[in-house]
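Undergrad: Below is the structure, and that's it, no one-letter string:
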């Protein structure tokens, strides 16, 4: 695995039981590399603020990831600028602890778990992954509907059941 484009290692020996606030910002070169990695036209801004502390379950990082990105419309390839503002709640555990952990259903206030190897946790990679997860997987711009119609694609509302199922809706509606 190659090194992350936006790496900000926080050494484990600098993290104590009390929360310490850290702010990280991606450089222009890091943002360009992240845009390539995530298939974006641009990452104009990426920054994150974390409160980091150690507890019995691992290294805890809570904060917010802020980004300004430009995605391509999934239909027309037109540029679509957007912003991301995501709350982050992470628990970093060693790779060995992560491998031993069972997959469980998380409740709404559970922390996402990230594994680390070595002497530090990578807050930059955590911010980059948070940004990527917040992206719209199929962004559509204002010209998408017209382009789809011009290509002969019909909407779900326009699609009519065919064949053996065509009359099913009317039969189900009768008592």
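TA: Nice, I can see it. These figures come from a predicted structure and were not determined experimentally.
Undergrad: Quick check: which ranges of this protein have low pLDDT?
TA: Within the chain, the ranges that satisfy pLDDT under 70 run 1-2, 96-110, 155-171, 173-175.
Undergrad: Break down the chain into its helices, ranges please.
TA: Listed in chain order, the helices of the chain (DSSP state H) span residues 28-38, 95-100, 123-134, 144-150, 168-173.
Undergrad: Single out the most deeply packed of those helices.
TA: Greatest average neighbour count among those goes to helix 123-134 (a mean of 21), per mean count of other C-beta atoms under 10 Å. Every C-beta, even on glycine, is put in place using the N, C-alpha and C of the backbone.
Undergrad: any idea of the angle that helix forms with helix 28-38?
TA: Relative orientation of helix 123-134 and helix 28-38, computed by axes from the mean of the first three to the mean of the last three C-alpha atoms, to 10 degrees: 40 degrees.
Undergrad: Strands along this structure, start to end?
TA: Along the chain, the segments classed as strands by DSSP state E run 9-11, 20-25, 42-55, 58-72, 79-94, 112-116, 120-122.
Undergrad: Now the residue nearest the centre of the chain. Nearest residue, chain neighbours left out?
TA: Central residue of the chain (C-alpha atoms, centre = their mean): residue 133, 1.1 Å from the mean position. Using C-beta to C-beta, 6 or more residues apart in numbering and skipping residues adjacent in sequence, the residue nearest residue 133 is residue 86, 7.8 Å away.
Undergrad: what number of residues lie near residue 79?
TA: Neighbour count for residue 79, taken as other C-beta atoms under 10 Å: 13.
Undergrad: same check, this time on residue 21
TA: Applying other C-beta under 10 Å, we find 9 other residues in the vicinity of residue 21.
Undergrad: returning to what we had before: got TSV for the helices of the chain, with distance to residue 8 too?
TA: Formatted as TSV, the helices of the chain follow (distance: least, C-beta to C-beta, whole Å):
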stretch	distance to residue 8
helix 28-38	10
helix 95-100	19
helix 123-134	4
helix 144-150	36
helix 168-173	56
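Undergrad: for the ones you listed, which one sits closest to residue 80?
TA: helix 144-150 (9.7 Å; C-beta to C-beta).
Undergrad: Please name the bridge partners of the nearest residue to residue 111 once chain neighbours are set aside.
TA: Distances taken as C-beta to C-beta, 6+ apart put residue 91 closest to residue 111, at 4.1 Å, once the chain neighbours are dropped. Bridge pairing for residue 91 (DSSP bridges) gives the partners residue 60, residue 113.
Undergrad: I'd assumed residue 53 was in contact with residue 91.
TA: No - in this structure residue 91 lies outside contact range of residue 53 using C-beta atoms under 8 Å: 11.0 Å.
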